[in-house]
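[1] from the sequence below, what's the structure:
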Amino acid sequence: MATIMLMHWREATPDQYDQARQKVRWDQDTPTGAKLHVSGFGDDGLHVTDVWESEQTFNDFFQQRLAPAIQEIGIQGQPDVKFFPLHGIFAPALGKNEQVADL
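    Numbering: from 1, shown residues only. You can find the predicted model right below:
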């Protein structure tokens, strides 16, 4: 079943996020198990909401691809990461409403 991953990283900056995106190229070389990625910044740092095939596919991506880039960039601190089973998704701007079973 698909999994929601919520990440809050207080110390990450927009510039560091952009550097990680360029190094890891997740938007050009889609990680196995990745379904959806949404990110934004507030006064308290980076917030990410992802949908993954499973918690394990996210953990594999993090260890194999993202962690080395984070270390190279020098992002400080550790993210607060939580996982929840996906119950539903509604994304009308994407043109198709997916059922949980389809993810």
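[2] my read: Tyr17 touches Ser39, true?
    Yes - between Tyr17 and Ser39 there is a contact at 6.6 Å, judged by CB atoms under 8 Å. Yep, even glycine has a C-beta here, placed from its N, CA and C like the rest.
[3] between the two ends of stretch 10-30, how far is it?
    25 Å (CA to CA, to the nearest Å).
[4] using the three-state scheme, assign Lys40.
    Wrong residue type there; residue 40 is Gly, not Lys. strand (DSSP: H, G, I helix; E, B strand; the rest coil).
[5] excluding chain neighbours, what is closest to it?
    His47 (5.4 Å; CB to CB, 6 or more residues apart in numbering).
[6] helices or strands up against the one helix or strand the one you found maps to?
    Secondary structure from DSSP states H and E places His47 in strand 45-52. For strand 45-52, the elements it packs on are strand 3-9, strand 34-42, helix 55-61, judged by 3 or more CB pairs under 8 Å, 6 or more residues apart in numbering; DSSP states H and E.
[7] Gln71: which of the ones you listed is closest?
    Nearest to Gln71 among the helices and strands packed on strand 45-52 is strand 3-9; the distance by CB to CB comes to 14.0 Å.
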